[in-house]
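[1] Here is the input, now give the coordinates:
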Amino acid sequence: MTVSDNSMNILLSDYEIAVAPTDRFKKSDITPILFGLFGEVGSVMSASKKRQREESAFAGYMRDVEEEFGDTLWYVSALCRRFEIDLSKLFLEAINGSGYTLSVIANDDPGSPVAKAVTKADLAPLDILLLRLGKQSANLLSLGDNPTNAKSHLLDFVKLYIDAVQASKVSFAAIVRGNIVKVRGRFLKPSIESLPDFDLNFSEEEQLPRKFRIEITQRANSRSYLRWKGVFIGDPLSDNIGDPDGYRFHDVFHFANAAVLHWSPTFRALIKHKRKSDKDVDEAQDSGRAIVIEEGLTAYIFSYAKTLNLFEGQTSVSFDLLKAVENFVRGYEVEDCPLHLWESAILQGYDVFRKVHEHNGGVIIGDREKRTLSFEPVEAKEV
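    As a prediction, this is how the structure comes out:
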């Protein structure tokens, strides 16, 4: 563990500043934070258990451990804010205790030429450290009723946390940076100017349309039809399930992805706006596999949404669902979109979908500049 700031490292004081706006709990809320911390330690244990059980088959171990350690740090930081404890000073006090070796290293940041590397030679095995960390997180639960000696309890926890991070062989800097990206992307509304636009540098005929109106109609055969600029696109769709659920209108979700995320390989294929001028982009982002990913993700979210009345009345989306979405699109350009934007795409898409389902059709209006999707009813007619 390095206490410094260079091109790879990050100051814990900067971390505190970055994540503080993502804390939506009341300042008086201590018990929910303690429960969250206890749960995240359990998640680290779960990842370790999976690695032992599945060995090399558990390819996501390092990524999962980084994420869970990051979430644990978030809850430690949240507790420090409530008890008015400086997180950086808490870590500094922990590593200045016995058992740690401090090495002076040359830093590649001209503004901070010297740093300290902190190591512990006689570490217990990771599983033992995680058990100790779990026990200490259980001890912290008592702070909900009796917050006395909060600093002492947190200091003991942080010492074990540092040891567990070292034993896990993951980068603490990666843990911290990753958690900043994750929580800010999930809980803070991004400015439109900061969001990616994946086809901005391509010609208009290779871009998703900046604004679009697409009419969805249903014929007597219960199949849905799409029409854009007066021309039918795609194939007629049915629900393809024994218990009709409206999935014949699922293209609405592709339109939501296009309008809000600026991403939809399925919509690109429908209107023949693939980015063929760049062979690599066309192959990796706009072709068959990317289309399958979007279709699979759409079906997965729909199955989940059916258990929640298609998100009716919902103002947010489960973090677990958003994390599943994140895993689905890993390796594709849309992974650069923050989770908050995914939440917006999902909620807007389902708001329009429910209206289309109710009216058995309608006009879908997408505005990529505003990143919005809306609905207009039309008279039912045969086309």
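[2] Can you name every helix or strand that the longest helix seen in the chain contacts?
    With secondary structure taken from DSSP state H, the chain has its longest helix at helix 31-54. If you count contacts as 3 or more C-beta pairs under 8 Å, 6 or more residues apart in numbering; DSSP states H and E, helix 31-54 packs onto helix 61-82, helix 126-140. C-beta here means a position set from N, CA and C on the backbone, and glycine is covered the same way.
[3] That helix: which residues count as buried?
    33-34, 36-38, 40-41, 43-45, 47-48, 51 (16 or more other C-beta atoms under 10 Å).
[4] helix or strand for Arg330, which one?
    Under the criterion DSSP states H and E, no helix or strand holds Arg330.
[5] before we move on, what about Ala115?
    Using DSSP H and E, Ala115 falls in strand 112-119.
[6] Report the strands that pair with that strand, each with its relative direction.
    Within its sheet, and counting by DSSP bridges, strand 112-119 is paired with strand 2-3 (antiparallel), strand 101-109 (antiparallel).
[7] Lowest average pLDDT across those?
    Lowest mean pLDDT within the strands paired with strand 112-119: strand 2-3, a mean of 39.
[8] Tell me the first helix or strand C-terminal of it.
    Using DSSP H and E, the first helix or strand after strand 2-3 is helix 12-19.
[9] name the helices or strands packed onto that following helix?
    So helix 12-19, by 3+ C-beta pairs under 8 Å, 6+ apart, packs with helix 61-82, helix 87-95, helix 172-187.
[10] quick one: average pLDDT of the last one?
    This points to helix 172-187. On average, helix 172-187 scores 93.
[11] Off-centre distance for that helix?
    Chain-centre distance of helix 172-187: 10 Å, with C-alpha atoms, centre = their mean, to the nearest Å.
[12] Name the surrounding residues that touch that helix.
    1-2, 8-10, 12, 15, 18-19, 21-22, 24, 66-67, 69-71, 73-74, 165, 319, 322, 338-340, 343 (C-beta atoms under 8 Å, 6 or more residues apart in numbering).
[13] Next: the shortest one.
    Counting by C-beta under 8 Å, 6+ apart, helix 87-95 makes contact with 1, 3, 11-13, 15-16, 76-77, 80, 102, 118, 151, 154-155, 158-159, 162, all of which sit outside it.
[14] so His262 makes contact with Lys370?
    No: using C-beta atoms under 8 Å, His262 makes no contact with Lys370, being 11.9 Å away.
[15] so what's the residue positioned nearest the centre of the chain up against?
    Centroid-nearest residue in the chain, with C-alpha atoms, centre = their mean: Leu339, separated by 4.3 Å. By C-beta under 8 Å, 6+ apart, Leu339 lies in contact with Lys182, Gly185, Arg186, Phe319, Leu322, Lys323, Val325, Glu326.
[16] who has more neighbours, His262 and Lys370?
    Just comparing His262 and Lys370: by other C-beta atoms under 10 Å the higher neighbour count belongs to His262, 23 against 12.
[17] That one and Ile346, how far apart?
    With the distance defined as C-beta to C-beta, to the nearest Å, His262 ends up 15 Å from Ile346.
[18] Only C-alpha atoms, please: export stretch 129-142 in PDB.
    C-alpha atoms of stretch 129-142 as PDB (Å, rounded to 0.1, in the frame of the first residue of the first chain):
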ATOM      1  CA  LEU A 129      -7.800 -12.000   8.000                       C
ATOM      2  CA  LEU A 130     -11.300 -12.000   6.500                       C
ATOM      3  CA  LEU A 131     -12.600 -13.900   9.500                       C
ATOM      4  CA  ARG A 132     -11.000 -11.300  11.800                       C
ATOM      5  CA  LEU A 133     -12.400  -8.500   9.600                       C
ATOM      6  CA  GLY A 134     -15.900 -10.000   9.800                       C
ATOM      7  CA  LYS A 135     -15.600 -10.300  13.600                       C
ATOM      8  CA  GLN A 136     -14.500  -6.700  13.800                       C
ATOM      9  CA  SER A 137     -17.300  -5.500  11.600                       C
ATOM     10  CA  ALA A 138     -19.700  -7.400  13.900                       C
ATOM     11  CA  ASN A 139     -18.200  -5.500  16.800                       C
ATOM     12  CA  LEU A 140     -18.800  -2.200  15.000                       C
ATOM     13  CA  LEU A 141     -22.500  -3.000  15.000                       C
ATOM     14  CA  SER A 142     -22.600  -2.000  18.700                       C
END
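[19] avg pLDDT for that stretch?
    Stretch 129-142 comes out at a mean pLDDT of 93.
[20] Just the buried positions in that stretch, please.
    Across stretch 129-142, burial judged by 16+ other C-beta under 10 Å covers Leu129, Leu130, Arg132, Leu133, Gly134, Gln136, Ser137, Leu140.
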